[in-house]
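Participant: The following comprises the amino acid sequence and a computationally predicted model.
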Amino acid sequence: DVKVTQSSRYLVKRTGEKVFLECVQDMDHENMFWYRQDPGLGLRLIYFSYDVKMKEKGDIPEGYSVSREKKERFSLILESASTNQTSMYLCASTSGLAGGREQYFGPGTRLTVT
Amino acid sequence: AQTVTQSQPEMSVQEAETVTLSCTYDTSESNYYLFWYKQPPSRQMILVIRQEAYKQQNATENRFSVNFQKAAKSFSLKISDSQLGDTAMYFCAFRDTGNQFYFGTGTSLTVIP
């Protein structure tokens, strides 16, 4: 059974803290993604990665950075957390092979910044 | 750029009835993939159904089927014999040839007993 895991389901941080969200997949997928999910806005892409050490900005990269040192792990970093980054964060992965494979999602991390 | 539009923020259906969720998209590509995902309350997002744009036949998965109208750029999801477990947020998604995914804003479906 394929699996994408995220380090925390719920996280509470203070304004200004550095926050790390970890995502691990066990499917040997090339592509990994970080989304932010807010009511009425759907899923917005923060960053994605096509390969180890490769990263591309998505639609809303400001205030975030990412790291992909190993194929199975993709980390999202909030350099200095702010209250407007309170949200649900979803990690996803998919195969880079042709065939239009779907994304597999992690359970999400609900982050609250106070 | 690709866009995906879901114009129904909320819908409800009686148990055992049929409901259709709408999705339209905009793209200049000819070969792409479309998906419907389901996100139950406080649970993980999972794939419901997938459609390949070059296939004219509409995809079906048990009680779930799609009406894919390529010329109209429409991709609706029909749920037959609705069950309480179908209560969820449903997202329409588009995958382009560059492995990028685009999501609609979602439709919250409630199945009423």
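Facilitator: Received the coordinates, thanks.

Participant: From chain B, how far off is A:Val73?
Facilitator: Let me fix one detail, which is that residue A:73 is Arg and not Val. From A:Arg73 over to chain B the distance is 19 Å, taken as CB to the nearest CB, to the nearest Å. For the C-beta atoms, the positions are set from N, CA and C on the backbone; glycine is no exception.

Participant: Quick one: residues contacting that residue.
Facilitator: Shown in contact with A:Arg73 (CB atoms under 8 Å, 6 or more residues apart in numbering or on different chains): A:22-24.

Participant: try it again with 10 Å
Facilitator: A:22-25, A:32, A:52, A:67 (CB atoms under 10 Å, 6 or more residues apart in numbering or on different chains).

Participant: Make a ChimeraX selection of the buried ones in the residues you listed.
Facilitator: To isolate in ChimeraX the members of those that are buried, counting by 16 or more other CB atoms under 10 Å in any protein chain shown, one can use:
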select /A:22,23,24,25,32,67
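
Participant: Show me the subset of the contacts of A:Arg73 that also lies near chain B.
Facilitator: Among the contacts of A:Arg73, not one lies near chain B by CB under 10 Å from any CB of the partner chain.

Participant: For the residue most central in space within chain A, give the beta-bridge partners.
Facilitator: Centroid check for chain A by CA atoms, centre = their mean gives A:Trp34 as the closest residue, at 2.7 Å. Beta bridges link A:Trp34 to A:Tyr47, A:Cys91, judged by DSSP bridges.

Participant: roughly how far apart are it and chain B?
Facilitator: Look at A:Trp34 and chain B: by CB to the nearest CB, they are 12 Å apart.

Participant: Would you check that that residue makes contact with A:Tyr47?
Facilitator: Yes - taking contacts as CB atoms under 10 Å, A:Trp34 lies within contact range of A:Tyr47: 5.2 Å.

Participant: which ones are touching whichever residue of chain B sits closest to chain A?
Facilitator: Using CB to the nearest CB, B:Tyr33 is the residue of chain B that sits closest to chain A, at 3.3 Å. By CB under 10 Å, 6+ apart, the contact set of B:Tyr33 is A:99-102, B:50-54, B:93-97, B:101.

Participant: Then B:Ala53?
Facilitator: A:100, B:27, B:29-34, B:68, B:70, B:73, B:75, B:94-95.

Participant: change it to 6 Å
Facilitator: B:31-32 (CB atoms under 6 Å, 6 or more residues apart in numbering or on different chains).

Participant: Kindly report the same for A:Ser8.
Facilitator: By CB under 6 Å, 6+ apart, the neighbours of A:Ser8 are A:Thr109.

Participant: any idea how far it is from B:Phe91?
Facilitator: In this view, A:Ser8 and B:Phe91 are 23 Å apart by CB to CB, to the nearest Å.

Participant: Please report how far A:Lys53 lies from B:Ser108.
Facilitator: Applying CB to CB to A:Lys53 and B:Ser108 gives a distance of 39 Å.

Participant: Please identify which of the two sits among more neighbours.
Facilitator: When neighbours are counted by other CB atoms under 10 Å in any protein chain shown, A:Lys53 and B:Ser108 differ, and B:Ser108 comes out ahead with 16 against 9.

Participant: Can you tell me which helices and strands the host helix or strand of the more buried one packs against?
Facilitator: Taking DSSP states H and E as the definition, one finds B:Ser108 inside strand B:107-112. If you count contacts as 3 or more CB pairs under 6 Å, 6 or more residues apart in numbering or on different chains; DSSP states H and E, strand B:107-112 packs onto strand B:10-14, strand B:88-95.
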